[in-house]
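K.L.:
could you work out the structure for the sequence below:
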Amino acid sequence: MPPTQHAAPAPEPLVPSPPLTPSCSPEATSADPPALAGPTLLTQSWLDLAFLHWAVDPAEVAPLLPPGTVPDTFEGAAHVGLVAFRMHRVGWFRLPGVPYLGSFPETNVRLYSVDEHGRRGVVFRSLDASRLLPVAIGRWAFRIPYVWSRMAVRRDGDTLTYTSRRRWPGPRGARGDLAVRIGERVAEPTALEHFLTARWGLHTTALGRPRLLPNAHPRWPLHRAELLSYDEDLIAAAGLTRPPGDPVSVLYSPGVPVRFGPPARTPARTPVSGRVPAPRPAGPVS
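P.N.:
Okay, the predicted model is just below:
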């Protein structure tokens with residue numbers, strides 16, 4: 001049975017609060033990842049990704065970010081992302097990925113951040129996944145907010161349907177259902193699409209200290225996508241007001257292989273800037 005269409009009210013114009021700024025000039029948005037400084041610690045593939053993004057007020061996002069980071073903004077707005085995909089064959093130290101425990105659906109709620117050294121990244125507010133052991137390892141070993149959910153990803157021609165129901169730790173029953181139809185290949189991403197996808201690190205906190213966990217992968221093969229339906233309360237469960245209206249950006253990618261390295265070293269301080277610059281347009285994003 002096809003997913004149910006949910007009508008959404010027309011979005012109101014976003015009037016963001018004055019942007020919060022880092023103490024250093026943010027790095028330029030790069031279409032290619034910086035080299036990992038150290039050995040590859042973790043490998044995996046991200047497949048069949050649907051990217052949904054809404055513009056939100058930076059003042060709402062700021063209290064949800066780790067210490068030492070502020071919202072990374074585009075034209076004065078912060079963004080919340082709902083990203084659904086298939087994790088495939090997670091492995092350690094370039095060893096072959098695990099077929100069963102390392103392959104599962106996942107849906108994350110993420111924000112965009114910049115730290116006091118100007119390094120751009122993402123902050124995960126939640127990561128729903130369907131394998132309990134990876135959830136437990138992610139929560140207790142890496143302090144990443146994984147949650148255990150019943151999930152599925154189904155494809156019918158050019159339509160993908162993602163379903164999720166949260167099991168533990170809650171809120172139990174929180175859902176993330178959406179369906180997208182794959183559109184044309186993105187030859188030249190917009191500045192916003194580049195800003196939302198070219199991200200090379202995860203901002204988090206370990207042992208009370210801010211950390212940037214870097215990743216690297218080939219440039220994203222992106223397609224624009226049509227949102228057929230969505231019914232979710234994962235954004236609200238992550239501590240954000242559910243944005244009104246439809247997303248400002250809907251994208252699809254068949255996926256990329258990904259490598260993670262050790263925590264990034266603290267760079268030398270860069271000159272202070274009064275604003276977060278808009279990313280420059282680029283070719284295919286990574």
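K.L.:
next, the contact list for the most centrally placed residue in the chain, please.
P.N.:
In the chain, the C-alpha nearest the mean C-alpha coordinate belongs to Arg110, at 4.5 Å (C-alpha atoms, centre = their mean). Arg110 is in contact with Val80, Gly81, Val83, Val122, Val123, Phe124, Arg125, counting by C-beta atoms under 8 Å, 6 or more residues apart in numbering. Heads up, the C-betas are built off the backbone N, CA and C, glycines and all.
K.L.:
top of those residues by number of neighbours, please.
P.N.:
Neighbour counts for the contacts of Arg110 peak at Val80, which has 24 neighbours (criterion: other C-beta atoms under 10 Å).
K.L.:
for the host helix or strand of that one, packing partners?
P.N.:
Secondary structure assignment for Val80, by DSSP states H and E: strand 78-92. Packing partners of strand 78-92 (3 or more C-beta pairs under 8 Å, 6 or more residues apart in numbering; DSSP states H and E): strand 42-56, helix 58-61, strand 104-115, strand 146-156, strand 176-185, helix 234-237, strand 249-260.
K.L.:
how far off strand 42-56 does that strand point, in degrees?
P.N.:
Orientation check (axes from the mean of the first three to the mean of the last three C-alpha atoms, to 10 degrees): strand 78-92 against strand 42-56 gives 170 degrees.
K.L.:
quickly run through the sheet partners of strand 78-92, with directions.
P.N.:
Strands that pair with strand 78-92, judged by DSSP bridges, come out as strand 42-56 (antiparallel), strand 104-115 (antiparallel).
K.L.:
could you pull out the buried residues of it?
P.N.:
Within strand 78-92, the residues that qualify as buried are 78-90, counting by 16 or more other C-beta atoms under 10 Å.
K.L.:
and those residues, which two are the farthest apart?
P.N.:
Greatest spatial distance in the buried residues of strand 78-92: Ala78 and Arg89, 33.1 Å, computed using C-beta to C-beta.
K.L.:
stretch 151-161: how far from the chain's middle?
P.N.:
Distance of stretch 151-161 from the chain centroid (C-alpha atoms, centre = their mean, to the nearest Å) equals 20 Å.
K.L.:
again with stretch 176-188
P.N.:
Going by C-alpha atoms, centre = their mean, the spacing between the C-alpha centre of stretch 176-188 and its chain's C-alpha centre is 16 Å.
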